[in-house]
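In: no sequence on this one, just coordinates:
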Ligand SMILES: NC(=O)N[C@@H](CC(=O)O)C(=O)O
Ligand SMILES: [Zn+2]
Ligand SMILES: [Zn+2]
């Protein structure tokens, strides 16, 4: 039995750091283990322009814990007013690594997102030309479509037509949650990739709804039935070169989660790496953990692989903090519901 594993320092290719007091509280949870992260731009107001991204990058760097070696990979939030010239300048700056598509109304702080794709065609064409990836929150917002079907319907009615309309556009399907999402991503060519979160590899919809409603398991896209979780596990552990980790660690203060209209998001930055080691071991795929967390994402984004390492060791059951405290309120750390014996040892 293998009790220790050393991998290249991982990258989190989908992370919400927020701003202000929340940023200060959650940033160390990521920098402790991760070399880099793709930083989601859904602040209020959103990170739309290169200037916005520069300013947010500055606030993240100013909030870094002493001695942390961490590179935030900035992302622009696509609006119907986004200027292709600014997007090209953003890519040339070296600071911005992607543009994020939120269908308007699909998720937290997505009201400035896209309603009419015709309006963003010039930006998408420019991105295809310069090789800047589009990160996609892939759910339709049509209220008549069942929430559990919104990802699969998005792939058929929005994503696939969009990729045909803009050939060469590099796309990351963010936080896939279905067997349809996994199958579409894995069958794609070198312009298509997908991220998978830690929590979607662990929970299905029963965890949210059976035996009492569990607001800390509610996120978007919402977890689906067990067969989908198993398809995600197979995709994550498959070694496919364009399937990689994006935790979608999304902190909300507890009073906003434990609420009559609770916010969507699971906070997994603290324990993601031990949880992934647990799952990859369970699936007999520990040798593929490094690809998923530290290689495939960097390669898709054209980044050098980290030359630092992270070592995980198996021992006594790990004690994760139940909550991270912030001046914006406590944030509950994702509870996998089973004991985890892997620890990050350096
Ligand atoms: N995933 C979530 O449930 N929430 C994210 C937004 C997102 O990634 O869709 C957030 O910003 O809170
Ligand atoms: Zn999303
Ligand atoms: Zn997200």
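Out: Nice, thanks for sending it over. Nothing here was measured: the structure is a model prediction, and the numbers come from that model. Ligands and ions are numbered 1, 2, ... in the order given.
In: So which bits of the longest helix anywhere in the chain are buried?
Out: Counting by DSSP state H, the longest helix found in the chain is helix 50-63. For helix 50-63, burial by neighbour count (16 or more other Cβ atoms under 10 Å) applies to 50, 52-53, 56-57, 60, 63. For glycine as for every other residue, the C-beta is placed from the backbone atoms N, C-alpha and C.
In: Remind me what the helix or strand containing residue 89 packs against, helices and strands.
Out: In the assignment (DSSP states H and E), residue 89 maps to helix 84-93. On a contact count with 3 or more Cβ pairs under 8 Å, 6 or more residues apart in numbering; DSSP states H and E, helix 84-93 meets helix 50-63, strand 71-77, helix 121-130.
In: can you put these in TSV and add mean pLDDT?
Out: Below are the helices and strands packed on helix 84-93 laid out as TSV (pLDDT from 0 to 100):
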stretch	mean pLDDT
helix 50-63	98
strand 71-77	98
helix 121-130	98
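In: so which of those comes closest to ligand 1?
Out: strand 71-77 (11.4 Å; Cβ to the nearest ligand atom).
In: tell me the angle the helix holding residue 89 makes with helix 121-130.
Out: 30 degrees (axes from the mean of the first three to the mean of the last three Cα atoms, to 10 degrees).
In: Could you list the paired strands of the very next helix or strand once past helix 84-93 along with their orientation?
Out: Once the chain leaves helix 84-93, the next helix or strand it forms, by DSSP H and E, is strand 96-101. If you go by DSSP bridges, strand 96-101 pairs up with strand 71-77 (parallel), strand 134-136 (parallel).
In: related to what we said a few turns ago, buried residues in the helix holding residue 89?
Out: Within helix 84-93, the residues that count as buried by 16+ other Cβ under 10 Å are 84, 86-88, 90-91.
In: ditto for stretch 17-29
Out: 17-18, 22-29.
In: was I right about residue 274 contacting residue 339?
Out: No. With contact defined as Cβ atoms under 8 Å, residue 274 does not reach residue 339; the gap is 10.7 Å.
In: So which of those two has more stuff around it?
Out: residue 274 (22 against 9; other Cβ atoms under 10 Å).
In: Next, count neighbours for residue 192.
Out: With other Cβ under 10 Å as criterion, residue 192 counts 20.
In: who touches it in this structure?
Out: By Cβ atoms under 8 Å, 6 or more residues apart in numbering, the contact set of residue 192 is 163, 170-171, 173, 184-185, 242.
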